[in-house]
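Asker: Sequence plus predicted model, see below.
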Amino acid sequence: MAGLTEPLEGEHRGVAHFDGVATVVTKLLNMVGPDVAFFGQKDAQQALVVRRLVADLDLPVEIDVRPTVREPDGLALSSRNAHLAPAERKRSLALSRALEAARAAYAGGERDAAALTGAARAAMTPFAVEPEYLALVHPETLAPLATVDGEGALLAVAARVGSTRLIDNALLT
């Protein structure tokens, strides 16, 4: 799984995090033997690692990645949201606003990675949230992109709001 586990979450949580994910998912898939396993787009890197694992081990299961479920205000649903104090909950919108700003710039024709990530960072500023990472990467390889081409891109962001670490992402296609 070289290449998929080192950037983004791997850089901040350690590559061993995905070793654990791979072990647990492999055991679960082998015990249950499903035809289809569902994963959420919010954990895009994890979903890519699981897809690669399934392909590499020739496991007879389809990995179906479902869209991120969001609160009405745009915050991605997560069990971690329960740890946010009311003021932090409002600040946590920085992540979804960053993704919305990049989507809007992309929809307006912007394809330069620096401009797209710049728009995302600027949208986070009013919330006083500094990202641990905000990266525009290839949606299948996670390689950094300088420009978005016909394959699209994944814009991934992670940040701490108070003591709670949140992640989110958006596909730009």
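Answerer: Great, that's in hand. Numbering: from 1, shown residues only.

Asker: Spatially nearest residue to D149, not counting backbone neighbours?
Answerer: Excluding the flanking residues, the one nearest D149 by C-beta to C-beta, 6 or more residues apart in numbering is R111, at 7.7 Å. C-beta here means a position set from N, CA and C on the backbone, and glycine is covered the same way.

Asker: ugh, wrong one, I meant T26
Answerer: Leaving aside its sequence neighbours, T26 sits nearest to L53 (C-beta to C-beta, 6+ apart; 6.5 Å).

Asker: Then P67?
Answerer: Q41 is the one closest to P67 (C-beta to C-beta, 6+ apart), at 5.4 Å.

Asker: measure the one you found to G74 for me?
Answerer: 14 Å (C-beta to C-beta, to the nearest Å).

Asker: Please apply the same query to R89.
Answerer: According to C-beta to C-beta, R89 stands 12 Å off from G74.

Asker: Kindly report the same for F127.
Answerer: For F127, the distance to G74 - C-beta to C-beta - is 12 Å.

Asker: One more: A113?
Answerer: If you go by C-beta to C-beta, the gap between A113 and G74 works out to 23 Å.

Asker: Mind checking which of these two has more residues around it?
Answerer: Set A113 next to G74 and count neighbours by other C-beta atoms under 10 Å: A113 wins out with 19 against 14.

Asker: can you pull up the bridge partners for the nearest residue to the more buried one once chain neighbours are set aside?
Answerer: What sits nearest to A113 in space, not counting adjacent residues and going by C-beta to C-beta, 6+ apart, is L136, at 4.4 Å. On the basis of DSSP bridges, L136 is bridged to L155.
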